[in-house]
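Asker: can you look at this prediction? I've put the sequence above it.
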Amino acid sequence: MIAELKTELITRGVELPEKGRTGGAGPTGQYLVLPNGDIACAPSYWPEGYKPNKLEKKDNKYYIEFNGEELELKIRKNPEYYNKTTSKGQPMKKLALMHGKNCLGTTIYQKCRFFDEGKQCKYCAIEETLKDRSTIKEKNIDELTEVAREARKEDITHMTVTTGVPPKEDYIVERLVELAKTVKNNVNMQIHVQLLPPGEENLEKLKAAGIDTIGLHLETWDKELMKEVCPGKAEIGREKFIEDIEHAVRIFGENQVSSFMIAGIGETDESVLTGVKELSQKGCVPFLTPLHPLPGSHFENRYPPETERMDKLYRKASEILKDNNINPRENKAGCVRCGSCTALYEYLEGI
């Protein structure tokens, strides 16, 4: 039941008094605590005409009617560090947010040259949070370390570091190396990073600096769809992503490399499952998640995929992962360890 409930929440969402995060580069929304304690990231924004689930409030508790049962859902509480500032006076909430149950999330560089070139990913709204001043363009590494230290006091144990695309991509590798060394020297926290394929030598540098896991995100297995939806990534090419995924699995280990696969951007079920199979056979975790439409993105008026479709995809994808001995629960840090934006693990564990 938990797998099906989570799928319902991460696709269809729920109406809540507080919207949650509606900007950024990846899946966004409001974090809900399920009856078993797992976390689901439910979309917080919907196009006009879309009808999310409605919760019933009784005695300051929230309930959802699901499969004939009334189930209690809780809104995950925000951490105390949101109310603190760094030594330089920067609100800590502007530098890094809490994702899921115990993950610290930050975007180290909140700009992307693909936007300037008209080649941005159409589901992405990475620069919207700059416009509303809820974050800053570049995060200071010493300040991020201060946030990590405070977050660790609240049992936030691992960190996801995403990034936009700067004019010179090696710059991001340098900053991630510096971040990893600084954080690891000061805080007991495991680190996940996401970036464009940096090449084998840079992957070695990231590992040597202390990075625990890495995400190289294809987003779709369909080459023609990639050209349409992610034109900047399409110019890099699927072959380059696959090449670096293979290098990364050798360097970081099986289950420590991941690649997002987004459902709801125009792909077929067949292409999704082919991607899941190809990636998992290489020791990479395919992070299958439904589209969460974001205001300011090209896909802001697109609906998330149907719950029934995601249920079928998750059932088939979980069997593929089992056949290829992929266990996302062994992942050390980041989106895969968090798991709040996917129900793949719950289906896998139910096989």
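Answerer: Perfect, thanks for sending it.
Asker: now the element after the helix or strand of the chain with the lowest mean pLDDT, going C-ward?
Answerer: Within the chain, confidence by mean pLDDT, DSSP states H and E is lowest for helix 128-131 among all helices and strands, at a mean of 80. The first helix or strand that comes after helix 128-131 along the chain, using DSSP states H and E, is helix 141-152.
Asker: would you mark the buried spots in that following helix?
Answerer: Within helix 141-152, the residues scored as buried using 16 or more other CB atoms under 10 Å are 141, 143-148, 150-152. In this view, the C-beta of every residue, glycine as well, is placed from N, C-alpha and C.
Asker: any idea of the pLDDT on the residue sitting furthest away from the middle of the chain?
Answerer: The outermost residue of the chain, judged against the average C-alpha position, is D59 (33.1 Å), by CA atoms, centre = their mean. The model reports D59 with a pLDDT of 89.
Asker: cool, N324 as well?
Answerer: On the pLDDT scale, N324 is placed at 97.
Asker: find the nearest non-adjacent residue to it, please.
Answerer: Spatial nearest neighbour of N324, chain neighbours left out: S280 (4.1 Å); criterion: CB to CB, 6 or more residues apart in numbering.
Asker: now do that neighbour against L291, distance only.
Answerer: 21 Å (CB to CB, to the nearest Å).
Asker: likewise T129?
Answerer: 19 Å.
Asker: also D311?
Answerer: In terms of CB to CB, D311 sits 16 Å off from L291.
Asker: okay, the two: which has more neighbours?
Answerer: Neighbour tally, D311 and L291, criterion other CB atoms under 10 Å: the higher count belongs to L291, 20 against 17.
Asker: my guess is the more buried one contacts E267, does it?
Answerer: No - if you go by CB atoms under 8 Å, L291 and E267 don't touch, sitting 10.1 Å apart.
Asker: hey, what's C41 bridged with?
Answerer: Beta bridges link C41 to Y31, judged by DSSP bridges.
Asker: list the contacts for it?
Answerer: Shown in contact with C41 (CB atoms under 8 Å, 6 or more residues apart in numbering): 10, 27-32, 99-100, 292, 340-341.
Asker: swap in P167?
Answerer: Contact partners of P167, counting by CB under 8 Å, 6+ apart, are R113.
Asker: how about the secondary structure of it?
Answerer: Assigned by DSSP: H, G, I helix; E, B strand; the rest coil, the conformation of P167 is coil.
Asker: can you pull out the strands in the chain?
Answerer: Taking DSSP state E, the strands of the chain run over residues 14-15, 30-33, 39-42, 53-54, 56-58, 61-66, 69-75, 97-99, 103-107, 158-162, 190-194, 213-215, 257-263, 285-290.
Asker: may I have the second one as CSV, with CA atoms only?
Answerer: So that's strand 30-33. C-alpha atoms of strand 30-33 as CSV (Å, rounded to 0.1, in the frame of the first residue of the first chain):
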residue,chain,number,x,y,z
GLN,A,30,6.0,19.8,-0.2
TYR,A,31,7.4,17.0,1.9
LEU,A,32,4.8,14.7,3.5
VAL,A,33,5.4,12.0,6.1
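Asker: tally of neighbours for the residue nearest to N324?
Answerer: S280 sits with 22 neighbouring residues when counted by other CB under 10 Å.
Asker: from L16, how far out is it?
Answerer: Separation of S280 from L16 (CB to CB) stands at 34 Å.
Asker: out of the strands of the chain, which is closest to K223?
Answerer: Nearest of those to K223, taken as CB to CB: strand 257-263 at 13.9 Å.
Asker: does that closest one pack against any helices or strands, and if so which?
Answerer: strand 213-215, helix 238-252, helix 269-281, strand 285-290, helix 307-323, helix 335-338 (3 or more CB pairs under 8 Å, 6 or more residues apart in numbering; DSSP states H and E).
Asker: can you do 10 Å?
Answerer: When contacts are defined as 3 or more CB pairs under 10 Å, 6 or more residues apart in numbering; DSSP states H and E, strand 257-263 packs onto strand 190-194, strand 213-215, helix 238-252, helix 269-281, strand 285-290, helix 307-323, helix 335-338.
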